[in-house]
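Participant: Dropping the sequence and predicted coords here.
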Amino acid sequence: MIQASGVIICLGYILGLLFSALPGSGFWVLGLGLIGAILLGGVVNTKVFQRGRKTKQSQTKGLGKAKESPLPRIYPHSRIWLIAGLVGLLASFYLQYRVPQPTVNDVSKSVPPGNNSNQEQLFVVRGNVTSTPRMTRTSKGQFWMEATQLNGVKDEDGTVGGKGVSGSLYVTVPLLQATGLYPGQQIAVTGVLYKPKAAANPGAFDFREYLKKEGVFAGLSGRQVNILNEEKKWGWWKFREQIVRSQVSFLGIPEGPLVSAMVLGSKAVDLPYDIRDSFVAVGLAHALAASGFQTSLILGMVLGLTKRAKRGTQFTVGCLALLAFLCLTGFQPAVLRAVVMGFAALIALLLRRKVKQLGSLLLAATLLLIFNPLWIWDLGFQLSFLATLGLIVTVPAITKKLGWLPPAVASLIAVPLAATIWTLPLQLNVFGVLPSYSLALNIASTPLISVISIGGFISAIASLILPGLGSAIAGVLHYPTDWLLKLVEFFNNLGGNSFAVGSITTAQMFAIYILLMLVWLVRWWQRRWWIALGITLTLIFIPAWHTANTLFRVTMLAASGEPVVVIQDRGKVTLINSGDEGTGRFTILPFLQQQGVNQIDWAVASDFQGNGSKGWLELLPRLPIKVFYDSAVSVDNAIASGAIQKQLQKNQATYQPLNVGQSVNIGSTILQLVNGQLPILQMRIQNKDWLFVGNLKPTDLQQLIKAGNLPHPQVLWCQPRSLKDLVPLLQPEVTITTSADIEPNILSELGEVKTQLLFTGRDGAIQWTPDGQFEAFIQAMENKSSVF
């Protein structure tokens, strides 16, 4: 009963943190506690007492007066349920208390308002490096810095306006400027302070929220780094650096960093992004995350080497090994969870008791969430606990079903399948993508991952003692690592290696997890698990199918200086323009995946930015396109255009040039290229005319106005500098442009025209449906978050 009471109180605390996202937050948990106290703690146990009393009396009737003996209480006392409800209520307040907030002198409060590329103000920020530098996707160096002093740059000869500051900064500098920096070093960085931006498009990465979770509220785009203190202080980063250097020296790149990442975790190792992306795409991201697999190997090796020693010695050595691993990898939620459970196993060994894995997992979750309640919303924390829960409760059932297979083969299948079952609903809620071959690849790669991990650990230990020996041992892993990379590449190149089902709602996700718990806990559902599977598939695919085949929506994505438009027309998808490589990878692909789009029916390329529409080269290998209309062909982008045509031919797609004056039907939309040089596109969408005007020079604009060749649309997209001429002339109902950085007098003139002004740079993506108004994504998200 004591254990059951502890479980209920721990669950009350965790539910209190989860319910903090709902209106009323912890009061819901308090209400559940009251219901539990009335129904389970009071009424049910009273009936059990009375039933036990009657049973005992009937058994002793005629044998004299006997002592009444009620049946044991099967549910905790009502006060336990009340305590759990109160703990949940307090947990919701505790989480709000721990939400990071900038201090009075936080460096973020010194960011100039409206700081932009045209009016950059340079600062010199002094402080201490708090992380090992890493390379970003744009080949810059990135590190975290604790700021202590801020000076404004007056001119090239000196600085002005120094003051003490506090808070951390997300710093990016040229790669060579970051080379050689280490944690604890005192530096001065000259650069531009900025406020991080929220996600501007559906499915995009929310940089501001990411930094906020780290307690950071500003970034620093550095130009120059000056080192103030050359003295190298001791730190675990030295051991980490020695391990990585030793393994890379023999294996080279990318094999060396990959082995190091599989030992220490990808967050502790600067793994190349192409390797990281390949593993994530095929569903092997867990192989690069330091967690339970590594701690199991460590404890197995320690207990194997000390099996002749006393239990106290085994306990001490095991604890030291786990602490060393934790310090090497960093205090990440998944690693802490694995280490806490490892400590529980060592304590059970010392006390000669059997460890209860579920209790150990719940205790680890509670302790970590007391330490940092914000981890309840950390994706790595959530996936780690769900995967571990799946291994504990589902692997035995799957292994039993596979009893006709050899035990080793059954375990090889059961482990990745159980982890996938429990993590997939969360992944679909966050990403909306299902790795098609994930299970098969996990089964095939497990032996290689095990060999590389064990060999990597031995190499890491040896490199700390003798770097040359560690390198030699790492050399043995060349072939297994190479085979693993080729296996990942093979599955990446298979057609349909991922399937976008679209992001499921939170309600759908919780419904699926309720079904999983029913199959786990209720015998009736265990015998009829296939019913739960059918309901789950229905919950995932039927709403997605219905939405895709009934939705008509136009989305103009926030994509710098080019109109990128996605038209979802009842199951048919049209994409107009792709921007540069970054737009294709980080804006268009995440949005289409979130919407469950696996194919583009029509694509239209018009080069508004003069970059050759290089975003298509990011999209084509990942999304098939049926028909491609190209109006962006020119001498300047002949190479990019040739590469696009080659990829289209490989995918057996139709390629057609789009000529000036030519009208094409793309679903229910009619599109016409008015001018190919500027360019100017006209579309008729659901009886509403849209006009996209390129980056016009003043002379070209005046010629068009005089010629009267511009149609009068209901919706106009143009560059900010063309607003003052085009809006009064065309009188559109809605005008969309990129930047809101417009002179006040121009805004005043535009205010006299009855047009709705929207800025993708300020408002994010703009969405429109035939029965609704134009909706700004950022405003919609702020309204949604204000409700909660």
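Facilitator: Here it is on my side, so go on. All of these numbers come straight from a predicted model, not from anything done at the bench. Numbers count the residues shown, from 1 in each chain.

Participant: And the pLDDT at residue 238?
Facilitator: With respect to pLDDT, residue 238 has a value of 87.

Participant: Can you report how many residues lie near it?
Facilitator: 14 (other Cβ atoms under 10 Å). Bear in mind the C-beta positions are built from the backbone N, C-alpha and C, glycine included.

Participant: Which parts of the longest helix seen in the chain count as buried, going by neighbours?
Facilitator: Longest helix in the chain by number of residues (criterion: DSSP state H): helix 438-465. By neighbour count on 16 or more other Cβ atoms under 10 Å, the buried set for helix 438-465 is 438, 441-443, 445-446, 448-449, 451-453, 455-464.

Participant: Other residues contacting the very next helix or strand once past it?
Facilitator: Where DSSP states H and E defines the elements, the next helix or strand beyond helix 438-465 is helix 467-475. Contacts to helix 467-475, defined as Cβ atoms under 8 Å, 6 or more residues apart in numbering, come from residues 242-243, 245-247, 249-251, 256, 259, 455-456, 458-464.

Participant: now helix 467-475, how far from the centre of its chain.
Facilitator: Averaging C-alpha positions (Cα atoms, centre = their mean, to the nearest Å) puts helix 467-475 35 Å from its chain's average.

Participant: so what's residue 194 up against?
Facilitator: 111, 115, 218, 219, 220, 221.

Participant: Does the longest helix of the chain pack against any helices or strands, and if so which?
Facilitator: helix 236-251, helix 255-264, helix 292-305, helix 407-430, helix 467-475, helix 478-493 (3 or more Cβ pairs under 8 Å, 6 or more residues apart in numbering; DSSP states H and E).

Participant: now the angle from the first one to helix 255-264?
Facilitator: Meaning helix 236-251. 140 degrees (axes from the mean of the first three to the mean of the last three Cα atoms, to 10 degrees).

Participant: Same check on the last one?
Facilitator: Computed with the same axes, to 10 degrees, the direction of helix 478-493 lies at 90 degrees from that of helix 255-264.

Participant: in stretch 754-767, what's buried?
Facilitator: Neighbour-count burial for stretch 754-767 [16+ other Cβ under 10 Å]: 755, 757, 758, 759, 760, 761, 762, 763, 764, 765, 766, 767.

Participant: same question, stretch 372-382
Facilitator: Residues of stretch 372-382 classed as buried by neighbour count (16+ other Cβ under 10 Å): 373, 374, 375, 376, 378, 380, 381, 382.

Participant: Residues contacting it, please?
Facilitator: Taking Cβ under 8 Å, 6+ apart as the rule, stretch 372-382 contacts 14, 17-18, 91, 94-95, 98-100, 213, 289, 332-334, 337, 368-369, 426, 430.

Participant: and it, how far out from the chain's middle?
Facilitator: Worked out by Cα atoms, centre = their mean, stretch 372-382 lies 12 Å from the chain centre.

Participant: re the thing from before, of the buried residues of stretch 372-382, which pair is most distant in space?
Facilitator: Farthest apart among these by Cβ to Cβ are 373 and 380. That separation is 15.4 Å.

Participant: From the contacts of stretch 372-382, list just the buried residues.
Facilitator: 14, 17-18, 91, 94-95, 289, 332-334, 337, 368-369, 426, 430.

Participant: Tell me the buried residues in stretch 529-542?
Facilitator: 529, 532, 536, 539, 540.

Participant: So for stretch 617-625, what gets flagged as buried?
Facilitator: 617, 618, 619, 620, 622, 623, 624, 625.

Participant: wait, which of the residues you listed is closest to residue 236?
Facilitator: Once Cβ to Cβ is applied, the member of these that ends up nearest residue 236 is residue 618, at 37.6 Å.

Participant: Let me see the domain layout of this structure.
Facilitator: 2-98, 107-233, 238-379+449-495, 506-548, 551-787 (automatic domain parsing).

Participant: And the shortest one, how far out from the chain middle?
Facilitator: Between the mean C-alpha point of domain 506-548 and the mean C-alpha point of its chain there is a distance of 24 Å (Cα atoms, centre = their mean).

Participant: and it, how far apart are its ends?
Facilitator: The stretch domain 506-548 measures 19 Å between its terminal residues, going by Cα to Cα, to the nearest Å.

Participant: pLDDT (mean, whole number) over it?
Facilitator: pLDDT averaged over domain 506-548 gives 93.

Participant: Mind checking what helix or strand follows the helix or strand containing residue 644 in sequence?
Facilitator: Taking DSSP H and E as the criterion, residue 644 maps to helix 638-650. For helix 638-650, the following helix or strand on the C-terminal side (DSSP H and E) is strand 654-657.

Participant: Show me where the stretch 151-300 of the chain has its helices.
Facilitator: Per DSSP state H, counting those that start in this stretch, the stretch 151-300 of the chain carries helices over the ranges 175-178, 207-213, 236-251, 255-264, 273-281, 292-305.

Participant: The fourth one versus helix 438-465: what angle between them?
Facilitator: Same thing as helix 255-264. Using the same axes, to 10 degrees: helix 255-264 against helix 438-465 is 90 degrees.

Participant: Can you tell me the closest non-neighbouring residue to residue 333?
Facilitator: residue 381 (3.8 Å; Cβ to Cβ, 6 or more residues apart in numbering).

Participant: now do residue 168
Facilitator: That would be residue 216: by Cβ to Cβ, 6+ apart, it lies 4.7 Å from residue 168.
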